[in-house]
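Asks: Structure for this input, please:
(2 chains)
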Amino acid sequence: MKTNRSYTIPLIALAIGLVCCFFINISLGSVAIPLSDVFNSLVGGEVSKSSSEFIIHDYRLPKAIMAIMTGSGLAVTGLLMQTLFRNPLAGPFVLGISSGASLGVALFILGGTAFGITSTMAFGKWGLIIASATGSFLVFLIVLGVASRVRDTMALLIIGLMVGSLTSAVVSVLSYFSKAEELQQYIFWSFGSLGDVSWQSIRLLFYCFIAGLILAMTHLKELNALLLGDTYAKTLGVNYTRSRFVIIIATSLLAGSITAFAGPIAFIGLAVPHLIRQIIPTSNHRILFPAVILGGAILMLICDTIAQVPLSEYTLPINAVTALVGAPVVIWLLVRKKKLVF
Amino acid sequence: MESQPIHTVLSTENLSIGYSSKQGDTMIASNIDLAIPQGQLVGLVGINGAGKSTLIRTLAGLQSSLSGNISLNETLIPNIEPQALARQLSVVLTGQAISKNLSVLELVSLGRQPYTNWFGSLSESDLQSITSALKATDTETLKNKKCYELSDGQLQRVLIARALAQDTAMMILDEPMTHLDLHHKASVLKLLTNIAHEQQKLVLFSTHDIELAIAQCDQMIVLQNGKAIINTPKQLIQKGVFDALFPSENVRFDSKAGRFVIG
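Replies: Purely as a prediction, here's the structure:
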């Protein structure tokens, strides 16, 4: 697709913004660490306090990396879904994909006792990912099935809402039968959290993250064609059934694995593509894709910095912060632009 | 144009169109035999429900036929790979939910997709095709506009520019003149005539504007009572095909004036 002008400068600006946010995020927290120490620690140099070294390596760096992967991944799913559904309101949360992942995790954590199967946690982190990704994949298939029958936007949003209600209903039922510690585990998971993740888990998420991004990247041309709708895309030689399948797989892989580790995180997927379109007014996925990756990471790092409540002992649930930042952004866009375009 | 041997671009053989469902097939028209050469503007007319859209969709490969064959450049369409087909056949549709955030330039450049690599990189010749498509449709000045800023008439020209950039032997348009005023209808029709005659493409479009089509088309296909009649507008008038097009109580065709009159 030929764009009207080059967007190299905004992309570079976003990349610089990401690096800045990354350092600020690591530097701020309950204890402020000078940026020079952050930099030295990351490149393996001398750090003025050994406790800083410990905080950075064992807590803040993994958290920052989680924030980057979570923000980028969710933003990409938002972009993919807005194009696939040709609907500006599409996003993993609104369409119930995140709820599907929650349902999978609820069944995984809480279902063990409820169904009389013991030690589901024996399957560990992989089990959590598979449960979460399966949940999001199934919901995605349902939503897509409905979307191909009814072209109505409202119907899709209602489906998303219904899946959300269904999830909370199933969770209520399961929690009635499950052990207190399992329930607590699920509740904490549902608040969303980027911290307390081991390097091993990060590696696991990284594989899913990269696989999802690569799948999406191989279909940027098809995504551009889909901006004209599926019929036009077919007349341009696009294998619609296959492309749609790959896009679904990429989306559920990203949304599922991220939700498994970080919990259900609202609004990033919906808001980031729209914010990016304000800075970079193109529809070309070859430009939007990297821009959304950078933008998602930046917004998530900012949300995480806020969630840490710098220089205090408090930590807010990340899910609440993204909603507090994301929801007004969407409202502001609607009021200012009168309409959302995709 | 140079004296090239004129060859048949589109041909159908014993084609039946309609819808198949679990309850069985619903035939809309049958025994359609067409053979249309390059460089012609062909209008498809018929009353509502006669099957214009079904025929358009079937010829464009968007819907399967009930029976019979469709060939494009002497190859059966089902035997052509989707990407290769997209290099021979371009389509302009109505009522598609296209992303209105696309700029005109972006939209037209999408027409080059059948020619680009997996990543969609545009070559120098792709850029040339885009520029000449914009020029031919007189939409160069619009190229930095977003689609939501365009009027209906402008958007229709831009959609035609996209199909033109696809550089195909045949272009199929589904009711390209609906929702346009007379001035813009005429401008679209002139544009289609130019594409057919100057670029030697086969341009097939469906329309309700029978009188405009009679004035401008090289050939017309009339869908009527499950049959398709193809001929030049003049012959069709002489044979009285248009007289029976509509139920007689409201309109009749004045063959001398070449137009319909109420009464």
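
Asks: Now do the contacts for residue 107.
Replies: No chain in the question, so chain A it is. A:131, A:135, A:170, A:174 (Cβ atoms under 8 Å, 6 or more residues apart in numbering or on different chains). Every C-beta, even on glycine, is put in place using the N, C-alpha and C of the backbone.

Asks: nope, chain B
Replies: For B:L107, counting by Cβ under 8 Å, 6+ apart, the contacting residues are A:228, B:98, B:147, B:158-159, B:162.

Asks: rewinding a little: among the contacts of A:L107, which one sits closest to B:L76?
Replies: A:G135 (44.9 Å; Cβ to Cβ).

Asks: burial of the closest one, as a residue count?
Replies: 29 (other Cβ atoms under 10 Å in any protein chain shown).

Asks: Now name the helix or strand holding it.
Replies: Using DSSP states H and E, A:G135 maps to helix A:124-149.

Asks: ok, A:W332 - how many residues close by?
Replies: Other residues close to A:W332 by other Cβ under 10 Å number 11.

Asks: Okay, helices next: where are they in chain B?
Replies: In chain B, the helices defined using DSSP state H lie at B:52-59, B:82-86, B:104-109, B:124-136, B:152-165, B:182-198, B:210-216, B:233-238.

Asks: Quick one, which of the ones you listed gets closest to A:G104.
Replies: Among the helices of chain B, the nearest to A:G104 by Cβ to Cβ is helix B:82-86 (35.6 Å).

Asks: roughly how far apart are B:E249 and chain A?
Replies: Per Cβ to the nearest Cβ, to the nearest Å, B:E249 is found 37 Å from chain A.

Asks: Then B:S123?
Replies: Shown here: B:S123 relative to chain A, a distance of 11 Å by Cβ to the nearest Cβ.

Asks: ok, now which ones touch that residue?
Replies: So B:S123 contacts B:115-116 (Cβ under 8 Å, 6+ apart).

Asks: Check the gap between it and A:L183 for me.
Replies: Remark: distance between B:S123 and A:L183 (Cβ to Cβ, to the nearest Å) = 60 Å.

Asks: distance between whichever strand or helix holds A:I331 and the chain's centre?
Replies: If you go by DSSP H and E, A:I331 is part of helix A:318-337. Distance of helix A:318-337 from its chain centroid, counting by Cα atoms, centre = their mean, to the nearest Å, is 15 Å.

Asks: what about it, near chain B?
Replies: No: Helix A:318-337 is not in contact with chain B by Cβ under 8 Å from any Cβ of the partner chain; minimum separation 10.6 Å.

Asks: who's in contact with that helix?
Replies: For helix A:318-337, contacts defined as Cβ under 8 Å, 6+ apart pick out A:190-194, A:262-268, A:270-271, A:274-275, A:278, A:299-300, A:302-304, A:306-307, A:340.

Asks: Can you classify the spatially most central residue of chain A by secondary structure?
Replies: Nearest to the mean C-alpha position of chain A, counting by Cα atoms, centre = their mean, stands A:L74 at 2.4 Å. The assignment at A:L74 comes out as helix when based on DSSP: H, G, I helix; E, B strand; the rest coil.

Asks: tell me the contacts of it?
Replies: Neighbour list for A:L74: A:92, A:254-255, A:258, A:265, A:268-269, A:272, A:296, A:300 [criterion: Cβ under 8 Å, 6+ apart].

Asks: now the residues you listed as a markdown table including neighbour count, pLDDT and secondary structure?
Replies: Formatted as a markdown table, the contacts of A:L74 follow (neighbours: other Cβ atoms under 10 Å in any protein chain shown; pLDDT from 0 to 100; DSSP: H, G, I helix; E, B strand; the rest coil):
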| residue | neighbour count | pLDDT | secondary structure |
| --- | --- | --- | --- |
| A:P92 | 37 | 82 | coil |
| A:L254 | 31 | 92 | helix |
| A:A255 | 36 | 88 | helix |
| A:I258 | 33 | 91 | helix |
| A:I265 | 29 | 89 | coil |
| A:I268 | 30 | 92 | helix |
| A:G269 | 35 | 93 | helix |
| A:V272 | 31 | 95 | helix |
| A:G296 | 31 | 97 | helix |
| A:M300 | 32 | 97 | helix |
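
Asks: Quick one: the residues you listed as CSV, columns for distance to chain B too.
Replies: Shown next, in CSV, are those (distance: Cβ to the nearest Cβ, whole Å):
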residue, distance to chain B
A:P92, 20
A:L254, 21
A:A255, 22
A:I258, 26
A:I265, 26
A:I268, 20
A:G269, 18
A:V272, 16
A:G296, 19
A:M300, 24
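
Asks: Rebuild the helices of chain B as JSON lines, extending it with mean pLDDT.
Replies: JSON lines is the format used below for the helices of chain B (pLDDT from 0 to 100):
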{"stretch": "helix B:52-59", "mean pLDDT": "94"}
{"stretch": "helix B:82-86", "mean pLDDT": "95"}
{"stretch": "helix B:104-109", "mean pLDDT": "96"}
{"stretch": "helix B:124-136", "mean pLDDT": "96"}
{"stretch": "helix B:152-165", "mean pLDDT": "95"}
{"stretch": "helix B:182-198", "mean pLDDT": "95"}
{"stretch": "helix B:210-216", "mean pLDDT": "94"}
{"stretch": "helix B:233-238", "mean pLDDT": "93"}
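
Asks: right, and these - which one's nearest A:N224?
Replies: It is, among the helices of chain B and with distance given as Cβ to Cβ, helix B:104-109, at 8.2 Å.

Asks: what's the distance between the closest one and the middle of its chain?
Replies: With Cα atoms, centre = their mean as the basis, helix B:104-109 stands 20 Å off its chain's centre.

Asks: picking up where we left off before, which PyMOL command selects the buried ones in the contacts of helix A:318-337?
Replies: Of the contacts of helix A:318-337, the buried ones go into a single PyMOL selection, burial set by 16 or more other Cβ atoms under 10 Å in any protein chain shown:
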select buried, chain A and resi 190+192+193+194+262+263+264+265+266+267+268+270+271+274+275+299+300+302+303+304+306+307+340
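
Asks: re the thing from before, quickly compare the helices of chain B and say which is most buried.
Replies: Comparing the helices of chain B by mean neighbour count (mean count of other Cβ atoms under 10 Å in any protein chain shown), helix B:104-109 comes out on top with a mean of 27.

Asks: Am I right that A:L107 falls within a strand?
Replies: No: going by three-state DSSP, the assignment for A:L107 is helix, not a strand.

Asks: And it, how close does it get to chain B?
Replies: From A:L107 to chain B the distance is 35 Å (Cβ to the nearest Cβ).

Asks: Following the chain past the helix holding A:G135, name the next helix or strand.
Replies: Counting by DSSP H and E, the element after helix A:124-149 in chain order, helix or strand, is helix A:153-177.

Asks: is chain B contacted by that next one?
Replies: No: when contact is scored as Cβ under 8 Å from any Cβ, no part of helix A:153-177 falls within range of chain B; the minimum is 9.9 Å.

Asks: Report the buried residues of that helix.
Replies: A:153, A:156-157, A:159-160, A:163-164, A:167, A:170-171, A:174-175.

Asks: For A:V94, give me its contacts.
Replies: Contacts of A:V94 were listed using Cβ under 8 Å, 6+ apart, and they are A:157, A:160, A:270.

Asks: Give me the below-cutoff pLDDT ranges for chain B.
Replies: Within chain B, the stretches with pLDDT under 70 are B:1-5.

Asks: ok, 80 please
Replies: Scanning chain B for pLDDT under 80 picks out B:1-6, B:247-249, B:258, B:263.

Asks: first vs last residue of stretch B:221-238, how far apart are they?
Replies: Chord length of stretch B:221-238, first to last residue, is 15 Å (Cα to Cα, to the nearest Å).

Asks: Closest one of the contacts of A:L74 to B:Y115?
Replies: Distance to B:Y115 across the contacts of A:L74 (Cβ to Cβ) is lowest for A:L254, with 30.9 Å.

Asks: Quick check: closest non-adjacent residue to that closest one.
Replies: A:G212 (3.8 Å; Cβ to Cβ, 6 or more residues apart in numbering or on different chains).

Asks: Three-state assignment for the one you found, please.
Replies: A:G212 is classified as helix under three-state DSSP.
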